[in-house]
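Q: Predicted model follows, preceded by the sequence.
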Amino acid sequence: MRVLILFTSLILVFPSHFLAAEMSDATGECLECHATIAPGMVAAWEKSRHARTSPEEGLQKAEVERRISATKVPKPLSKNAVGCAECHTLNPDKHSDTFEHNGYQVHTVVTPEDCSTCHPVEVKQYGQNLMSQAYGNLMNNSLYQDLMLSINGVQFFQEGKTTFKALSQETNGDSCLSCHGTRAEVKGFDERDTVMGAMEFPVLSGWPNEGVGRINPDGSKGSCSSCHTWHRFSIEMARKPHTCSQCHKGPDVPIYKIYQVSKHGNIYAAMGKTWDFEEVPWTVGEDFTAPTCATCHVSLLVTSEGEVVAERSHVMNNRLPWRIFGLIYAHAHPKGPDTSVMRNKAGLPLPTELNGDQVSEYLIDNQEQQERRKVLQQVCRACHTQQWVEGHWLRFENTIKVSNEMTLTATELIIQAWDKGAANGLGQNDSIFNEAIEKKWMEQWLFFANSTRMSSAMLGTDYGVFDNGRWYMAKNIQEISDWLKMLLSVGSETPRDTKSVNK
Amino acid sequence: MRVLILFTSLILVFPSHFLAAEMSDATGECLECHATIAPGMVAAWEKSRHARTSPEEGLQKAEVERRISATKVPKPLSKNAVGCAECHTLNPDKHSDTFEHNGYQVHTVVTPEDCSTCHPVEVKQYGQNLMSQAYGNLMNNSLYQDLMLSINGVQFFQEGKTTFKALSQETNGDSCLSCHGTRAEVKGFDERDTVMGAMEFPVLSGWPNEGVGRINPDGSKGSCSSCHTWHRFSIEMARKPHTCSQCHKGPDVPIYKIYQVSKHGNIYAAMGKTWDFEEVPWTVGEDFTAPTCATCHVSLLVTSEGEVVAERSHVMNNRLPWRIFGLIYAHAHPKGPDTSVMRNKAGLPLPTELNGDQVSEYLIDNQEQQERRKVLQQVCRACHTQQWVEGHWLRFENTIKVSNEMTLTATELIIQAWDKGAANGLGQNDSIFNEAIEKKWMEQWLFFANSTRMSSAMLGTDYGVFDNGRWYMAKNIQEISDWLKMLLSVGSETPRDTKSVNK
Amino acid sequence: MRVLILFTSLILVFPSHFLAAEMSDATGECLECHATIAPGMVAAWEKSRHARTSPEEGLQKAEVERRISATKVPKPLSKNAVGCAECHTLNPDKHSDTFEHNGYQVHTVVTPEDCSTCHPVEVKQYGQNLMSQAYGNLMNNSLYQDLMLSINGVQFFQEGKTTFKALSQETNGDSCLSCHGTRAEVKGFDERDTVMGAMEFPVLSGWPNEGVGRINPDGSKGSCSSCHTWHRFSIEMARKPHTCSQCHKGPDVPIYKIYQVSKHGNIYAAMGKTWDFEEVPWTVGEDFTAPTCATCHVSLLVTSEGEVVAERSHVMNNRLPWRIFGLIYAHAHPKGPDTSVMRNKAGLPLPTELNGDQVSEYLIDNQEQQERRKVLQQVCRACHTQQWVEGHWLRFENTIKVSNEMTLTATELIIQAWDKGAANGLGQNDSIFNEAIEKKWMEQWLFFANSTRMSSAMLGTDYGVFDNGRWYMAKNIQEISDWLKMLLSVGSETPRDTKSVNK
């Protein structure tokens, strides 16, 4: 039987290889040098679908099987494989990083705007995704700026006060902005010696970076290669959980760790080696027998009979009724992707008050929550009964409530600390993130409550009990309470003032 | 040569496919609807051995190769594949979750009692396993009830006192009982709209759950699908370590993490892709070249010559002389699976006194320890010399002693805290788990001493030094000592009383 | 096409199998018994290249493809497969663990000196590697001896003082020396009952062990099987990151965890299953499309055109300009492998002063750093542009600076603690590692600063922000500052004296 399969695949495989789209002359010229200059980069591309398929061929597929969402692709691009030149010379006038290179107008940073030539629906959807605004959501939020400084700023003690050194672009790019995205900017052009002689190149700051909300030299936002790793752009890789883990593994958002300890992750680890991660559409049960991140949050799923279980979505959070991490309290999902515009009653750029009340005007309403709940539950129900799914969601939404209550208790303690002078907070016009007791409060929500909720959502319960969840929520409250008493006993003769930034 | 292998496998594979057991008419009826209602569930089953083998065929194998331990299977079940109806309609009268469904008496929760129709030896053995009592061992132990409340109970501060809100079934099911098992109970019957029209179903509380000690609607205990994941019930999956990791990964019992960092785990990760995880019996060196969890603790192992290295055992702890995690001190393994019956001299439901002395009457004696040591060492010696094995065990049992001593020192400090009024403990009739300093003491044994011992046992030493072992044992004692001084300096004017549970 | 490949591989595979080197008579004799005594051990060897290749065949390969670096192998060894007898009877006179065994002079511990018979270049290089001195670098450094005692020593409180029990060989072998290597010594000879009757064997202390700096019974240092796991000695395994993870995973040196969360590790996890880990030389892009540890630090790399990207090196640290972990501050790499000889101005065996200034005479100079930087960047540039690589290194070396500054601040606090009597340090002739506040200071560099730097170096930024990096660096400084105040408030009426070791 396996021999039969071989002969069949022979028939199927040969033609596509023989008919593989040819590369353009321009791309051929690129490869003449680059195959020896950066052979790994070229080899990745050669193994890609881009290297053997033209947009025209992509368009010939049935709609449900298409990996290209444009209905038409500009003629000069349509017949050839999608090679170096096809992407790196697109929209030259929009790119401030365009430079003359052996007769071509080349740019370094390929952007969502470039990708939208063939993949416009995905790029448009992604623009509605919180991730596309990840740079601004961090850099244009005054509280998060305090947060970044309090974590990454070099600390000194001067006359009993902590002074924080201002952050450099190098530090930002090596920490928060690594995932959130940098501003990739052209600082000038520079001549360099190369094996081909002297050549001029743009000098980029904020580079390298593949952050999800990168600000690009053509003004667009995001980086498709965050998940669709250049230069192979493999759908297999985007669908495997390791890709998501690059930014979703730390204690602030340990999604990958939770997946690993869940039954779903267990099935993937043990049995995933035989799954088909390349098929479009992706057939439940046939191509895979347990979900990865992409299954629940992104991919177009169908049953063996071709019935659609879930439509493909690069908004990603449009299957999510709740936002369960990154903020003090879990809350209904934000309406729009730009969260820096939010203000609570106290004027803070937060989706809730300090007591957990939601700032409704910025958040989706119950009806929209119910819609999203249904869409996601539809995915669950491809393998589970209705009763199973409802039982699971009951627990999950109870855990949202419980974890918010545990955060409220910790918040009441930190407010006491501020009120009694054991720490400097909002009333003292000081950062609320820079002192030891404040950092303990932060861990209550940023690490422990978040992790507990995510463990519940994804059935990685082991993580949510002792790993970084309920145990630490409970212990932390008691530690904050003791720490507060100890601070009050010591007296706060050495107030910290972290607003003083020593550049 | 590979072509030859292909032709050979052709001959071997075809017949078994052609002769595959047919499904029963009843199962056929199930699939008519369920193939489209929950396609992932059905697809998993279709890939299972159950879907292509009848019990009768299973019984024809040589005894050592059998995956079925019944000597006879009831006639109506013996000739067909083991499908939906075969399991979900077994023992209808015993199941409180039985309901009428398209003319069949169906139940939702398939239980060890059901599985014992074909697998009676495994079910009986499992009943002697601590795991089968995991629900009662937690819920019927007053100290562990205190522990659960102190971890999962929502905390409030009222007049300087911590108050704990009583635990809900949802919280329990989403935390401890997720692994220990819930009580899956029928709360009534309910009519639901389905794509097939209105239908009646049982309403289950404590559901979903796959915990190892689940109390089932037929009164039986446990869930075979904890490890033999439904609906594929793959022995490959049960033998791979990811399955065990679902409940054995957190800092209280980081077995999987320790395995990963051991040479054994390293070999599995690097070379395991070519191993045969399906063979019964499992041949050392031929089918695999390093152990997984199942190898040492469960599986029937033979040499290439067919000599038995270890008998299959679903008791699991009968290859274990020591119980090295979950309790304050490591101790000889309990005699029976129900640990809630134990009482130490102080009347506490513990296998040791607070000073570490063993409560012998509940624990196996030296001779039984020696027997078990020998059985496990027999597995070690399939790949290692006697000297190697003895050297390893010498270190491991030294580490048991050393880690118990480090726990004793921490315990002496917490007793001081209780005596001097820095915390409320046994003398004050208060929980011994609810205050910050008590939680530090708990981490000494629940996390650090346990992890150190397990790292030693499984040769994942890197974990036991800095990851969650010796470093933290040493640091924690010093922190407890300082914390105690600080508490005494502050004064304990705000005693906590966690017995007050605010429902 | 796959069938064509099959036929091709048929032609290629058959001869090597048919011509497989025969085992020697001596090895045949070993296997007569050992195939049944330790079948897993023998099976591993049977799957090895050693079992089917003779040194003579190895020498016939083109130089760049050779896995053997000797130009000539002693005649009696050259024609047969490399079996039990070939290695375990080498250099009998040098081995204090040699014993008479069925007419052969056999030794238990095969050493680098033995391996150098065929692999002299690798053994010589390895001797220049820090790892080869890992035993002495720990055991001959007085500060590290304090460190070991403060971590692994059982602590007691006696009259308010902490007393540390001296370390036993069992504890050392089960903790630090597990990775660093034990001293494997013959303590005598012993007669044992075996299935073959009474036989005499050496009694080894410090055994089992595979630590990288093991002191061997022939006086040599190291253990090739640390990475080249016996008895398969698979290059595939040595090249996969799991092997390195055995000693490089804990918070002191979380290299594997950082790799996992990096794009490189992501590509390996998702796509590595199709890579060729056996080829020598190792071709970038062809055999693999992202680096593992070995790629950057050890392996001989070539391009598809056969151009050498990097030479094989078992020195390993000769591609490293900086030493970024294990010490208080990052610093230029040591000149020689024996670090126990270093003394700073204060007479401490450290490569820096307590303020971070480098002790230049023991460290490589700027020019050597630049050479090493270039060699490593050459590997980066096999897949990345020059601008990409420079941008990355700019951030990395900024992070070295920033993390050293954060350590300096913590060090200033601990010096205050010593000066003000809140802890006993150098001035009090006490260990600087044994008190709670000192352990917090240690975590600043041993865990947090180290992890931040490594995350930066290997682009696993997520780890370096919240997992065990910048967040904890920032929080820890504030905690040390608060802790110091609290200690001063309590008063230090109970000074600790850890020099008192209670044997």
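A: Great, that's in hand.

Q: who's in contact with whichever residue of chain A sits closest to chain B?
A: For chain A and chain B, the shortest gap (CB to the nearest CB) falls at residue A:285, measuring 2.5 Å. To be clear about C-beta, it is placed using only N, CA and C from the backbone, and glycine gets the same treatment. Taking CB atoms under 8 Å, 6 or more residues apart in numbering or on different chains as the criterion, residue A:285 is in contact with A:303-304, A:382-383, B:39-44, B:46.

Q: try it again with 6 Å
A: For residue A:285, the contact set (CB atoms under 6 Å, 6 or more residues apart in numbering or on different chains) comprises B:39-40, B:43.

Q: Where does the prediction get shaky in chain A?
A: Along chain A, the model assigns pLDDT under 70 to residues A:1-19, A:492-503.

Q: hmm, 80 instead?
A: For chain A, the stretches with pLDDT under 80 are A:1-20, A:160, A:491-503.

Q: Can you pull the residues of it lying near chain C?
A: Contact residues (CB under 6 Å from any CB of the partner chain) of chain A with chain C: A:6, A:13, A:38-41, A:43-44, A:151-152, A:154-156, A:170-171, A:173-175, A:178, A:207-208, A:237, A:240, A:242-243, A:246-247, A:249-252, A:435-436, A:439, A:486, A:490.

Q: Narrow those residues to those that are buried.
A: Those of the residues of chain A next to chain C that meet the buried threshold are A:6, A:38-41, A:43-44, A:151-152, A:154-156, A:170-171, A:173-175, A:178, A:207-208, A:237, A:240, A:242-243, A:246-247, A:249-252, A:435-436, A:439, A:486, A:490, by 16 or more other CB atoms under 10 Å in any protein chain shown.

Q: Quick check: strands, which of these are part of them?
A: Among those, the ones falling in strands (DSSP state E) are A:155-156.

Q: Among the buried ones among the residues of chain A next to chain C, which are located in helices?
A: Secondary structure from DSSP state H places A:6, A:39-41, A:43-44, A:151-152, A:170-171, A:173, A:178, A:237, A:242-243, A:436, A:439, A:486, A:490 of these in helices.

Q: Check those one by one and keep those near chain B.
A: Restricting these to those adjacent to chain B (criterion: CB under 6 Å from any CB) gives residue A:486.

Q: Check which helix or strand residue A:163 maps to.
A: strand A:161-165 (DSSP states H and E).

Q: Who are the packing partners of that strand?
A: Contacts defined by 3 or more CB pairs under 6 Å, 6 or more residues apart in numbering or on different chains; DSSP states H and E place strand A:161-165 against strand A:155-158, strand A:501-502.

Q: just checking, what packs against the longest one?
A: What that stands for is strand A:155-158. strand A:161-165.

Q: Distance from the strand it packs on to the middle of the chain?
A: 32 Å (CA atoms, centre = their mean, to the nearest Å).

Q: so what strands line up beside it?
A: Strand A:161-165 pairs in its sheet with strand A:155-158 (antiparallel), strand A:501-502 (parallel), by DSSP bridges.

Q: nearest spatial neighbour of the residue of the stretch 1-150 of chain A found nearest chain C, skipping sequence neighbours?
A: Nearest to chain C in the stretch 1-150 of chain A, going by CB to the nearest CB, is residue A:43, at a distance of 2.5 Å. The shortest distance from residue A:43 to any non-neighbouring residue, by CB to CB, 6 or more residues apart in numbering or on different chains, is to residue C:285 (2.5 Å).

Q: is it true that residue A:68 touches residue A:60?
A: No - the criterion here is CB atoms under 6 Å, and residue A:68 misses it with residue A:60 at 10.1 Å.
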